[in-house]
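*Asks:* Structure, please.
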Amino acid sequence: MSAQSDEELDAVFASLPRLRVGALVIGTDPFFTSRAERLGAMSLRLAIPAIYQYREFTAAGGVLSFGGNILDSYHHAGLYVGRILKGEKPGNLPVQLSTKVELVFNLKTAKALGITVPLSLLGRADEIIE
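*Replies:* Numbering: from 1, shown residues only. You can find the predicted model right below:
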């Protein structure tokens, strides 16, 4: 399923109980990233576990996130803009990938959804939100 507007997002979430969706993996997209709190609240309200790439989603009510740090990505983008404004050619700048992947669990959400996160996973977490 996909959504490209708030109305489509509402329609998708309204259809989830009827479709008996057991969990959500929300794709990385600026549209979804800008609605992290809303997505977290909607998935929690429907009692559907949801995962995403960024920590902000997990802090907003998602069960877990696994991915790069979005604030770090924005920081590096700003550095690149600065280098370009100082005259460097964009084509000469190296491609950069996330150097650290974060695993974040929201135990409050997991408990509300009746999910027990194995200790082996909690031990690998970079952050646990309680």
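*Asks:* which residues in this protein form helices?
*Replies:* Secondary structure of the chain by DSSP state H: the helices cover 6-19, 30-33, 36-45, 55-59, 70-85, 107-112, 119-122.
*Asks:* which one of those helices lies closest to T99?
*Replies:* Smallest distance to T99 across the helices of the chain (Cβ to Cβ): 8.4 Å, for helix 70-85. The C-beta positions use only the backbone N, C-alpha and C, and glycine is treated the same way.
*Asks:* Just the buried residues of that closest one, please?
*Replies:* By neighbour count, with 16 or more other Cβ atoms under 10 Å as the criterion, the buried positions of helix 70-85 are I70.
*Asks:* between it and helix 36-45, how big is the angle?
*Replies:* Helix 70-85 and helix 36-45 are oriented at 160 degrees to each other (axes from the mean of the first three to the mean of the last three Cα atoms, to 10 degrees).
*Asks:* and for helix 70-85, what are the contacting residues?
*Replies:* 33, 54-56, 90, 93, 96, 98, 100 (Cβ atoms under 8 Å, 6 or more residues apart in numbering).
*Asks:* next one: that helix to chain centre, how far?
*Replies:* Helix 70-85 has its C-alpha centroid displaced from the chain centroid by 20 Å (Cα atoms, centre = their mean, to the nearest Å).
*Asks:* ditto for stretch 95-105
*Replies:* Relative to the centre of its chain, stretch 95-105 is centred 12 Å away, using Cα atoms, centre = their mean.
*Asks:* distance between the ends of that stretch?
*Replies:* Chord length of stretch 95-105, first to last residue, is 29 Å (Cα to Cα, to the nearest Å).
*Asks:* count of residues packed around L103?
*Replies:* L103 has 17 neighbours, counted by other Cβ atoms under 10 Å.
*Asks:* Could you check how far the residue lying farthest from the centre of the chain is from Q96?
*Replies:* Note on the chain: the largest separation between a C-alpha and the mean C-alpha position, by Cα atoms, centre = their mean, falls on G87 (34.1 Å). Using Cβ to Cβ, to the nearest Å, one obtains 19 Å as the distance from G87 to Q96.
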